[in-house]
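A.B. asks: When you get a sec, could you give me coordinates for this:
(chains A and B)
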Amino acid sequence: MSGAFVRAAALASALGPDLERAVERLAGAPVAPARDTRVGGAWPYFAIPISGRDWRNRTEAIARSVAEDLRREAAIAPARWAELPCIVGSSSFSVGAWDDGGWAALEPSFEFSSRLARGFGVHGPVTAVNTTCTSGFSALDIALGLIAEGEFREVLVLGAEFANRLTVAGFAGLELLSETGARPCDRERDGLVLGEALAAVLVSAAPAPWRIAALATGMDAHSVTGPAADGAVIANVMRAAMAGARWESAAVDLIKLQSGGGPLADSAEANAVRDLFAPVPRAVSLKGALGHTLGASGPAELALLLASLARGRVPETWGFAKPDGEAGLAPSGGDAGGVRRVLFNLSGFGGSVMSLALEKAA
Amino acid sequence: MYLLAPTALRIAPDDFPGRVRARFASELRRAGRFAQLCLLGAQACLDAAGGDGPLAVLWASEFGALHATRAALDEGLRRGEPAMPFAFIAAQPHLAGALLAQRSHPVTRTACLYLAADAWPSLPQLAQRWLAECDRVLVGCVEESRAAGAAHRTDWCLLQKKPAAGAVRCERSLKADDAAAAAAEDWIPRVAAWRGSGHAPLLLRGGEDAWSFTSNG
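C.D. replies: Modelled structure (predicted):
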């Protein structure tokens, strides 16, 4: 059982430059991703609506915006804030700088992460981690360890994925992208839509509304680009998260699915969920609204989900319209009154699988 | 915790393809230089350590998959076309973990860290945390050559909960002032050189953090 809590969170995403606007927009009608010619060419892409002179200048502007929001919500004394350690999770770090400036503009990932941390005004130790799509939760995992060992009372976790041509071109080359839009769990789903996000989560030993009850990890090496069809590793990791939290499966009120619209990956997760739950609890996917923000997706979706729940709503799953009878998952939004325990799935490229158990603390 | 099989490989770039072919035949042809380098070192360490059972794998680099990233950017994107799948995959430094798992080692979790050169103590510290949930953690520091004449570097050791013949006891130390400064590129080679020397415990520091290495009997 973890003694860590989510003290504050902030997010810049395609839904808006801050969490407040993102939640408002998510409560409205779905918005289609743009065709961003800077990075995606013909592919739809969920871009953050913040502009900048060039890639580096833009990422700094995004970081400033998210940092201001987080500091306001965290309400920590400046001296304590300055000493925070920062763990950055990303699958691409600064590779987008190449798009504007070529090789001269690229920074080593650790230096980029350090600059990002300084942009947040924190000067404690910096660690950068890449486990591809689960990078943000790998950063959270490191943060939980630092808190559990008493090294720090609070740790800043950043999930960072900024627009870049390499990632879009790579996913396009692997034929994992949809040409139209993300349709998580939908029977007509035909691929992912990528997106960018910068999410910040302040994890604390001090009680806050949501406690991180457990974070479980696993490895599905069936293929470097996707999970095994049976979803067995995903099921084992979800099971481990529930065991770590000391929950029975019937205690889970909501599952935040990894589901991003990939035909095979969504089916594997659906198999895992059906293996563990009967009946299947309420479920939600956020990738139809944010896009798959890869290394940022854990913190980004965590920030967005908790902000929605705080306003009393389980978000609708944008892009989901026609249930896939074979997969058997039908996400549904609505009133969040009874949601006290959330199982939060994440998995990705390279086989990393994670599941977070979140419990309402009060 | 206990450290086994500290293994430090320095491979001249011209020798590298032959070393990969000799160890893995042609099966890693598309994995990219960084992953190949990770696997060469990791496999050498595992061969030396022996044993079996599930592994967690944790490795660090300052620059990551430089060669593959450069190739993917230069060859794919300038034409404005989708990147070749294997070029993109090779640019992902974390994928070495999956490739190691596919080589019949049951791998429970992996992470690739980017660290400053003096932040290497984060590796044994994180490995120790992981050992609460698994028996063995394979730890590496890997860097591709970035200059003419410089060797590729792939250093690995196996950390485990249980003592074993030839294992070194490995503990976080509060005596950072007494420790010799070490960096990511030399802490494992120094442990390897010290091991079996019969001397007093080895105390190494990175940043403000220190670790002691003691012969286990």
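
A.B. asks: what residue of chain A is the furthest out?
C.D. replies: Using CA atoms, centre = their mean, the residue of chain A lying farthest from its centre is A:Ala104. It sits 30.0 Å away.

A.B. asks: From one end of stretch A:157-171 to the other, what's the distance?
C.D. replies: Distance between the two ends of stretch A:157-171: 26 Å, counting by CA to CA, to the nearest Å.

A.B. asks: Residues of the stretch 101-250 of chain A that sit close to chain B?
C.D. replies: A:103, A:108-110, A:113, A:125-132, A:138, A:142, A:145, A:148-149, A:165-166, A:169-174, A:217-219, A:221, A:224-225 (CB under 8 Å from any CB of the partner chain). To be clear about C-beta, it is placed using only N, CA and C from the backbone, and glycine gets the same treatment.

A.B. asks: how near is B:Gly196 to B:Leu3?
C.D. replies: Going from B:Gly196 to B:Leu3 by CB to CB, to the nearest Å gives 13 Å.

A.B. asks: cool, A:Leu198 as well?
C.D. replies: A:Leu198 is 38 Å from B:Leu3, by CB to CB.

A.B. asks: Same check on A:Asp324?
C.D. replies: 49 Å.

A.B. asks: Looking at the two, which is more packed in?
C.D. replies: Ranked by neighbour count (other CB atoms under 10 Å in any protein chain shown), A:Asp324 and B:Leu3 place B:Leu3 first, with 27 against 19.

A.B. asks: where does the more buried one land in three-state SS?
C.D. replies: strand (DSSP: H, G, I helix; E, B strand; the rest coil).

A.B. asks: Quick check: bridge partners of it?
C.D. replies: B:Leu159, B:Val168 (DSSP bridges).

A.B. asks: Any figure for the gap between it and chain A?
C.D. replies: According to CB to the nearest CB, to the nearest Å, B:Leu3 stands 20 Å off from chain A.

A.B. asks: In contact with that residue, which residues?
C.D. replies: Residues near B:Leu3 by CB atoms under 8 Å, 6 or more residues apart in numbering or on different chains: B:Cys157, B:Leu158, B:Leu159, B:Ala167, B:Val168, B:Arg169, B:Cys170, B:Val191, B:Phe213.

A.B. asks: so what's A:Phe93 scoring on pLDDT?
C.D. replies: Turning to A:Phe93, the model gives it a pLDDT of 96.

A.B. asks: so who does it touch?
C.D. replies: A:Glu107, A:Ser109, A:Phe112, A:Ser113, A:Ala128, A:Asn130, A:Ala160, B:Tyr114.

A.B. asks: residues in contact with the second one?
C.D. replies: For A:Ser109, the set of contacting residues under the criterion of CB under 8 Å, 6+ apart consists of A:Ser90, A:Phe93, A:Ser94, A:Ala128, A:Asn130, B:Gly64, B:Tyr114.

A.B. asks: try the last one
C.D. replies: With contact taken as CB under 8 Å, 6+ apart, B:Tyr114 is in contact with A:Phe93, A:Pro108, A:Ser109, A:Phe110, A:Ser113, A:Ala128, A:Val129, A:Asn130, B:Ala60, B:Ser61, B:Glu62, B:Gly64.

A.B. asks: gap between the residue found closest to the fourth one once you drop the neighbours it is linked to in the chain and A:Ala182?
C.D. replies: Looking back up the chat, that one is A:Phe110. Leaving aside its chain neighbours, A:Phe110 sits nearest to B:Tyr114 (4.2 Å; criterion: CB to CB, 6 or more residues apart in numbering or on different chains). Relative to A:Ala182, B:Tyr114 is positioned 29 Å away (CB to CB).

A.B. asks: And for A:Val122?
C.D. replies: For A:Val122 relative to A:Ala182 (CB to CB), the value is 33 Å.

A.B. asks: and what of B:Gln160?
C.D. replies: 43 Å.

A.B. asks: Next, B:Pro54: phi, psi?
C.D. replies: Main-chain torsions, B:Pro54, degrees, to the nearest 10: phi -60, psi 150.

A.B. asks: list the contacts for the closest residue to it other than its chain neighbours?
C.D. replies: Nearest non-adjacent residue to B:Pro54, counting by CB to CB, 6+ apart: B:Pro106, 4.5 Å away. By CB under 8 Å, 6+ apart, B:Pro106 lies in contact with B:Gly53, B:Pro54, B:Leu55.

A.B. asks: could you flag which of those residues are buried?
C.D. replies: Neighbour counting over the contacts of B:Pro106 (16 or more other CB atoms under 10 Å in any protein chain shown) leaves B:Leu55 as the buried ones.

A.B. asks: Please produce JSON lines containing the contacts of B:Pro106, extended by pLDDT.
C.D. replies: Below are the contacts of B:Pro106 laid out as JSON lines (pLDDT from 0 to 100):
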{"residue": "B:Gly53", "pLDDT": "89"}
{"residue": "B:Pro54", "pLDDT": "92"}
{"residue": "B:Leu55", "pLDDT": "94"}
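
A.B. asks: quick check, nearest of the contacts of B:Pro106 to B:Phe24?
C.D. replies: Using CB to CB, the shortest approach to B:Phe24 within the contacts of B:Pro106 belongs to B:Leu55, at 17.9 Å.

A.B. asks: what is the mean pLDDT for stretch A:181-196?
C.D. replies: Rounded mean pLDDT across stretch A:181-196 is 95.

A.B. asks: Could you list the buried residues of it?
C.D. replies: Residues A:181-186, A:189, A:191-196 are the ones in stretch A:181-196 that count as buried (16+ other CB under 10 Å).

A.B. asks: Does the closest residue to chain A within chain B lie in a helix or a strand, and which?
C.D. replies: Using CB to the nearest CB, the closest approach of chain B to chain A is made by B:Phe88 at 3.0 Å. Assigned by DSSP states H and E, B:Phe88 falls within helix B:85-90.
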